[in-house]
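[1] need a 3D model of the following:
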Amino acid sequence: MAKLTLFIFFLSSLLIISSSLAFQSDELLVDDDEFGLEGAKPQSTPLHTSSPQPQQTPTFRKRYSDLDLDSKVQFTLEHAFGDSGFSPAGTFSARLKSWSHGGKTLTKLRFSRNGFSDEEKDSFKNLLKGDDFYRIRLPSSVISPPGKEFVVASVRARCLPRDGLDEHFVIHMEGANILAVSYGSLGACQYPRQFKLPAKWSFNSHTILKSSEQAPRTPIFTEEILGGENAEGEVEPPPERSFWAKYWMYLIPLGLVVMNAVTQAANVAEGPTGGQAGGSQVQQSARRR
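    Numbering: from 1, shown residues only. Here you go, the predicted model:
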């Protein structure tokens, strides 16, 4: 009887221990699956395997704010002989860069010059004989249609003929606007200017494009003529200035100094005279008493 009781106690204890172990293992499995603890059993891999995804390469997008847009522009050169009207004489072509901040810049300037017709050659010969002005003009804006606003320049016709007709353009720009144009011969124009027909009636053109904030106050190609020419071709000296025109800046201070000295001398002379007059009046009043 005692052995049976001991066997039943042992068997019941074994059942309790096994049930407690089973409960603990179930709890650990749930914790492992739910919280991903270290040492958890790896999940069974699925039967089907997915194909590996291709590796995506990073794409680089260009910043359009850093890009510039180019557009081709053309504008016409016009010329006139003396006081005659203007007519087309050539075409300028260039690239207009438009920047993201709104600015514009003219680059890659090209020039196509029209040759003189027979009528224009005769008009230019008349300019050479009279040493008159040959004029050119450009539109003030290269993107707007030509209107009434132009930039005009001129040069003595006798300055252009060399072996051919040498001309030099300096165009001053601000964005898409032409502020000024300097026009003349490639070299210095000798004075007195000699009458000379060009050996070739073809232009040798040189162009320079300058971007600036304001136009120059004086054009690059200017002729400083101190005196005119008489009938014999001799240079007349400039008229001589008068004595006052030469030395007025010295005469005015000198006059002020003299006037100041005269005024002080007059004040000094009036002092003793006034004192003597006062003394004589006192003496006369004393005698009357």
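[2] after the worst-scoring helix or strand of the chain on mean pLDDT, which helix or strand is next?
    In the chain, no helix or strand scores lower on mean pLDDT, DSSP states H and E than helix 2-35, which sits at a mean of 52. Sequence-wise, the next helix or strand downstream of helix 2-35 (DSSP states H and E) is strand 69-81.
[3] strands paired with that next one, and their directions?
    Here strand 69-81 has these sheet partners by DSSP bridges: strand 87-98 (antiparallel), strand 133-139 (antiparallel).
[4] and the ones you listed, which is most packed in?
    strand 133-139 (a mean of 20; mean count of other Cβ atoms under 10 Å). Backbone N, C-alpha and C define where each C-beta goes, glycine included.
[5] got the angle between the helix or strand that that strand is followed by and strand 69-81?
    Under the assignment DSSP H and E, the closest C-terminal helix or strand after strand 133-139 is strand 150-156. Put simply, strand 150-156 runs at 50 degrees to strand 69-81, going by axes from the mean of the first three to the mean of the last three Cα atoms, to 10 degrees.
[6] wait, which of the strands paired with strand 69-81 is closest to residue 251?
    Checking the strands paired with strand 69-81 against residue 251 by Cβ to Cβ gives strand 133-139 as the closest, at 42.1 Å.
[7] mean confidence for the closest one?
    The pLDDT scores in strand 133-139 average 93.
[8] give me the residues contacting it.
    By Cβ atoms under 8 Å, 6 or more residues apart in numbering, the list of residues contacting strand 133-139 from outside reads 75-82, 86, 89, 92, 124, 127, 146-147, 149-157, 160, 171, 178, 181, 183.
[9] which among those residues end up buried?
    Neighbour-count burial (16 or more other Cβ atoms under 10 Å) applied to the contacts of strand 133-139 gives 75-81, 86, 89, 92, 124, 127, 151, 153-157, 160, 171, 178, 181, 183.
[10] flag the shaky bits of this structure, pLDDT-wise.
    By pLDDT under 70, the weakly predicted segments of the chain are 1-69, 102, 145-146, 212-239, 271-289.
[11] cutoff 50 now
    Within the chain, the segments meeting pLDDT under 50 span 23, 25-42, 45-50, 57-67, 213-235, 282.
[12] now residue 185, nearest residue through space, not along the chain?
    Of all residues not flanking residue 185 in the chain, residue 159 sits nearest, at 4.5 Å (Cβ to Cβ, 6 or more residues apart in numbering).
[13] can you check residue 158 too?
    Closest to residue 158 by Cβ to Cβ, 6+ apart is residue 193, at 3.9 Å.
[14] where does the one you found sit: helix, strand or coil?
    Per DSSP: H, G, I helix; E, B strand; the rest coil, the local secondary structure of residue 193 is coil.
[15] and for it, the neighbour number?
    15 (other Cβ atoms under 10 Å).
[16] and it, how far from residue 155?
    11 Å (Cβ to Cβ, to the nearest Å).
[17] try residue 162
    The spacing between residue 162 and residue 155, counted by Cβ to Cβ, is 13 Å.
[18] cool, residue 182 as well?
    Per Cβ to Cβ, residue 182 is found 10 Å from residue 155.
[19] now residue 125. Nearest residue, chain neighbours left out?
    residue 197 (7.1 Å).
[20] I misspoke; the intended subject was residue 132.
    residue 82 (4.8 Å).
[21] show me what contacts that neighbour?
    Going by Cβ under 8 Å, 6+ apart, residue 82 touches 123, 126, 127, 130, 132, 133, 135.
[22] could I get those residues as TSV with secondary structure and distance to residue 70?
    Shown next, in TSV, are the contacts of residue 82 (DSSP: H, G, I helix; E, B strand; the rest coil; distance: Cβ to Cβ, whole Å):
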residue	secondary structure	distance to residue 70
123	helix	39
126	helix	43
127	helix	40
130	helix	45
132	coil	41
133	strand	37
135	strand	32
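[23] which helix or strand contains residue 101?
    Residue 101 belongs to no helix or strand when assigned by DSSP H and E.
[24] next, the contact list for the closest residue to residue 195 other than its chain neighbours, please.
    Leaving aside its sequence neighbours, residue 195 sits nearest to residue 128 (Cβ to Cβ, 6+ apart; 5.9 Å). The contact partners of residue 128, by Cβ under 8 Å, 6+ apart, come to 157, 158, 161, 195, 196, 197.
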